[in-house]
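structure for this input, please:
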Amino acid sequence: MATPVTVDRLTQELERLKSEMDAGKLKHGEYDQRLGRIIQELRENKVDADRPRLKTMLDDLSARGVITPAVRTHLEKKLGLS
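The predicted structure follows:
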């Protein structure tokens with residue numbers, strides 16, 4: 001069985017994706033591909049956190065502008081929070 005993804009690692013991946021997009025290193029399609037890979041890894045390996053901790057993480061990422069409302073909704077569905 002694969003090692004579950006930690007909340008800290010998920011946060012770092014999403015922050016890295018945002019900073020690369022802001023720096024112009026990623027095109028929109030590349031952002032979508034990378035986000036898709038992150039979500040696939042979550043699906044395969046699960047997340048090592050409970051629902052309240054995941055919601056807190058998404059609240060923080062949203063408040064800091066790391067994820068858009070659309071990305072948040074997508075992640076909530078994939079993480080089973082909606």
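
please make it C-alpha for all contacts and neighbour counts, starting now.
OK.

output the helix or strand hosting R34 as CSV, restricted to C-alpha atoms.
Following DSSP states H and E, one finds R34 within helix 28-45. The C-alpha coordinates for helix 28-45 follow below in CSV (Å, rounded to 0.1, in the frame of the first residue of the first chain):
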residue,chain,number,x,y,z
HIS,A,28,-3.1,27.1,-18.2
GLY,A,29,-3.2,23.6,-19.7
GLU,A,30,-0.1,22.6,-17.8
TYR,A,31,-1.7,23.9,-14.5
ASP,A,32,-4.7,21.7,-15.2
GLN,A,33,-2.5,18.7,-15.9
ARG,A,34,-0.4,19.1,-12.7
LEU,A,35,-3.6,19.6,-10.7
GLY,A,36,-5.0,16.5,-12.2
ARG,A,37,-1.8,14.5,-11.2
ILE,A,38,-2.1,15.8,-7.7
ILE,A,39,-5.8,14.7,-7.5
GLN,A,40,-4.9,11.3,-9.0
GLU,A,41,-2.3,10.8,-6.3
LEU,A,42,-4.8,11.7,-3.7
ARG,A,43,-7.2,9.2,-5.1
GLU,A,44,-4.6,6.5,-5.2
ASN,A,45,-2.9,7.1,-1.9
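
which residues does the helix or strand following that helix contact?
Following helix 28-45 in sequence order, the next helix or strand is helix 51-63 (DSSP H and E). Contacts of helix 51-63 from elsewhere in the structure, counted by CA atoms under 8 Å, 6 or more residues apart in numbering, are V7, T11, I67, T68, P69, R72, L81.
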